[in-house]
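**Student:** Fold the following for me, if possible:
(one chain, ligands or ions: 1)
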Amino acid sequence: MTDARVVVIGGGFAGVAAAVRLRDRGARVTLIEERRMLGGRARSDVLDDVPIDTGAQLITAGYARTVQLLGAHLERDVAHDIVVRNGERLPLRFGSLRSLLGFSGLSAREKVRLATSLLPLLARHREALDASGARLPESLDTESVRSYVERRIGAAAADTLAEPPCNGFYNVAASDVSLAFFLSLGRYGSEGDTLAPMRSWSDALGAALVGIEVITDARVVAVNADSGGGRTSRVSVHDATGRTWDAAAVVIATDPRTAHDLIAPHLGIDHALAHWLATVPMRGTLTLALALDCAPPHDAFGVFQDVRVARTVSACAVHGAKRPRVRADRDVVLAWPAPRALDAMRDMSAESITAHMLPDVEALVPQVRGHITRARVYRFNHGSPIPFIGFVRDRARASALLNSIDLPIALAGDYLTTPLIEGAVASGEFAGERIAKRIGLA
Ligand SMILES: Cc1cc2nc3c(=O)[nH]c(=O)nc-3n(C[C@H](O)[C@H](O)[C@H](O)COP(=O)(O)OP(=O)(O)OC[C@H]3O[C@@H](n4cnc5c(N)ncnc54)[C@H](O)[C@@H]3O)c2cc1C
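**Tutor:** Modelled structure (predicted):
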């Protein structure tokens, strides 16, 4: 009889998707997560009784895999965003084509150019702009979104349309982001309602793991493989406190550097996959969360700073605007650093980061002034993958390398697909299928 125990390392979206897929195929699954909370870069916390998401915030109805994974735990989000331009606060729903065409931050001439350049490109490639990254056209991956928008629509439009999502979500300049990835954002943004978790991402992920053993607060430090007599058929997983789990296979759903440390001993450090894992470009970021003893207006969720004046903050979010059931007498405002400012702040204490970012936060959400009860900084030091120009070909190469290894070990994570929740889920499902096949469940 097949021993179908599988260990999944990492409780972000990729790990949870892999665990659920393996459970559904009949495996006995143990998921091990280093932190107290599930979610990784989408992990949640509770600040002064307000449940908050500390990293990733929203998805759209177009995230078909994620909706299937968490369906009952999602709800429609109704708040708009605001883009600050020349001191004016202009409402916009990022990604929504209808909203873009009615957006007062673009001139009529810019809208005509938008309608004859970016929008037809999006329509033509819609099907291929899938978060799995497997079908992204290489023809869209030879230019940055900044250069394309500047060339076809104008520099002001690049500041207004391309920089805010790249700066705010990924802490990179639009000149470093592939047009192919930006168009994927546009595809999902324009597909249906925006969705948020009913309580928090960590809760929603926990609810999806019915029937799966979940171990938190455990950092895996080694994966050993028993290859006695030929093809490796057993693995053991070891945590920092000396606990061990034996299994038929393992999915490593961590960041690429940790994946490197766990898998490299089985590949040899000169292996091309080991080299790729050690060097795939990542960019760390952080979120500043400010608890308030009041609730700012909930008419907008994201407030994006004019890129030409942003000093320390590129975007803020009024957390209660995405979850209106939050208490009327308190709320939390989140803020993300401007790309230029992050490197100087990275090693600062939470107090110094707060002091640095506060003036810009107050400019974007004036209601915070005099109402802050607590500040907390959430650091994402392992970072998010940079969807650089050429990343489509780079991922295809990594995928070929992964498919060539003959081990009961699979990798998962958005660094293998696209840096979106939907991309992480896709990678987890692929890894789950690969292992199910390997141990005879598929
Ligand atoms: C600030 C920010 C905002 C974002 N906003 C959005 C958004 O609005 N919408 C969207 O779609 N995407 C957004 N993203 C991207 C999204 O968060 C990621 O694509 C997705 O969460 C990645 O999931 P993952 O499972 O691949 O990786 P991770 O979430 O990084 O998960 C890896 C997990 O592995 C665990 N781990 C690492 N090492 C070990 C170890 N040795 N032992 C045990 N566990 C270990 C980590 O603790 C972590 O939980 C955002 C990202 C950031 C940083």
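**Student:** alpha carbons only for contacts and neighbour counts from here, please
**Tutor:** OK.
**Student:** Run through the residues of the stretch 201-350 of the chain sitting next to the ligand.
**Tutor:** Neighbours of the ligand within the stretch 201-350 of the chain, by CA under 6 Å from any ligand atom: A218, R219, V220, V221, A253, T254, D255, T258.
**Student:** What residues of the one helix or strand the last one maps to count as buried?
**Tutor:** Using DSSP states H and E, the secondary-structure element containing T258 is helix 256-267. Residues of helix 256-267 classed as buried: P256, R257, T258, A259, H260, D261, L262, I263, A264, H266 (neighbour count, 16 or more other CA atoms under 10 Å).
**Student:** List the strands paired with the strand ranked longest in the chain, with their directions.
**Tutor:** Counting residues, the longest strand found in the chain (DSSP state E) is strand 372-385. Strand pairing for strand 372-385, using DSSP bridges, gives strand 282-292 (antiparallel).
**Student:** Which neighbours in the sheet does the next helix or strand after the strand it pairs with have, and how are they oriented?
**Tutor:** Going down the chain from strand 282-292, the next helix or strand is strand 300-304, by DSSP H and E. The strands beside strand 300-304 in its sheet (DSSP bridges) come out as strand 80-85 (parallel), strand 313-318 (antiparallel).
**Student:** A291 is nearest to which of the ones you listed?
**Tutor:** strand 313-318 (10.5 Å; CA to CA).
**Student:** Which residues does that closest one contact?
**Tutor:** 164, 167-168, 296, 298, 300-307, 331-339, 341, 357, 360-361, 364-365 (CA atoms under 8 Å, 6 or more residues apart in numbering).
**Student:** Next: stretch 60-67.
**Tutor:** Contacts of stretch 60-67 (CA under 8 Å, 6+ apart): L74, Y188, G189, E191, G192, D193, T194, L195, I421, E422, V425, A426.
**Student:** Among these, which are located in strands?
**Tutor:** L74, T194, L195.
**Student:** pLDDT of the helix holding T258, averaged?
**Tutor:** In this model, helix 256-267 has an average pLDDT of 96.
**Student:** Any of the residues of the stretch 201-350 of the chain next to the ligand buried? List them.
**Tutor:** A218, R219, V220, A253, T254, D255, T258.
**Student:** would you list the ones in strands among the contacts of stretch 60-67 in JSON lines and tack on distance to the ligand and neighbour count?
**Tutor:** Converted to JSON lines, these look like this (distance: CA to the nearest ligand atom, whole Å; neighbours: other CA atoms under 10 Å):
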{"residue": "L74", "distance to the ligand": "13", "neighbour count": "20"}
{"residue": "T194", "distance to the ligand": "10", "neighbour count": "24"}
{"residue": "L195", "distance to the ligand": "10", "neighbour count": "21"}
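**Student:** Next, format those as CSV and append pLDDT.
**Tutor:** Formatted as CSV, the ones in strands among the contacts of stretch 60-67 follow (pLDDT from 0 to 100):
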residue, pLDDT
L74, 95
T194, 90
L195, 93
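**Student:** closest to Q57 among those?
**Tutor:** Once CA to CA is applied, the member of the ones in strands among the contacts of stretch 60-67 that ends up nearest Q57 is L195, at 9.1 Å.
**Student:** Pop the domain breakdown of this protein in here.
**Tutor:** Structural domains assigned to the chain are 5-38+209-280+387-438, 44-77+194-198+282-385, 96-189, following automatic domain parsing.
**Student:** Would you format the ones you listed as JSON lines with distance to N86 included?
**Tutor:** Formatted as JSON lines, the domains of the chain follow (distance: least, CA to CA, whole Å):
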{"stretch": "domain 5-38+209-280+387-438", "distance to N86": "29"}
{"stretch": "domain 44-77+194-198+282-385", "distance to N86": "7"}
{"stretch": "domain 96-189", "distance to N86": "9"}
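**Student:** right, and those - which one's nearest G87?
**Tutor:** Using CA to CA, the nearest of those to G87 is domain 44-77+194-198+282-385, at 8.0 Å.
**Student:** Any idea how far that closest one is from the middle of the chain?
**Tutor:** 14 Å (CA atoms, centre = their mean, to the nearest Å).
**Student:** and if you look at stretch 147-162?
**Tutor:** 24 Å.
**Student:** Going forward, the N-terminal residue is numbered 296.
**Tutor:** Got it, first residue is 296 now, which makes that one stretch 442-457.
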